[in-house]
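A.B. asks: Next input, structure requested:
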Amino acid sequence: MKKAKRIFAIAGAALLAGLYLATLIFALIDHPAAFRCLKISIGFTILIPVLLWIFLAMFRYMENRKRQNTPEGP
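C.D. replies: Numbering: from 1, shown residues only. Down below sits the predicted model:
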């Protein structure tokens, strides 16, 4: 589980850094489709951390549930 959490965290951080860069680029260029791309980029900048938080909460819930369902021993 720790490895999966680490992979999600690194992927999320890299994706967010890319989205921040894309947001900056879309805000600075003057192209007809730039405003639409800017709105999409800002939306994903908000959505990705929320999804990562949900995934991490789900992993935590599954880990706690697994601990409760395992027998204590003989």
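
A.B. asks: and the strand or helix carrying G18, what's its mean pLDDT?
C.D. replies: For G18, the enclosing helix or strand under DSSP states H and E is helix 2-28. Throughout helix 2-28, pLDDT has a mean value of 85.

A.B. asks: Then stretch 67-74?
C.D. replies: The average pLDDT for stretch 67-74 rounds to 70.

A.B. asks: ok, now stretch 41-48?
C.D. replies: Average pLDDT, stretch 41-48: 87.

A.B. asks: For that stretch, which outside residues touch it?
C.D. replies: Residues outside stretch 41-48 that contact it (Cβ atoms under 8 Å, 6 or more residues apart in numbering): 12, 15-16, 19-20, 22-23, 26. Glycine gets a C-beta too; all of them are placed from N, C-alpha and C.

A.B. asks: Now, of those, which are buried?
C.D. replies: When the contacts of stretch 41-48 are checked for burial by 16 or more other Cβ atoms under 10 Å, the buried set is 12, 19, 22-23, 26.

A.B. asks: And the furthest pair within the residues you listed?
C.D. replies: Taking Cβ to Cβ as the measure, the buried ones among the contacts of stretch 41-48 reach their widest spread between G12 and F26, a distance of 20.5 Å.
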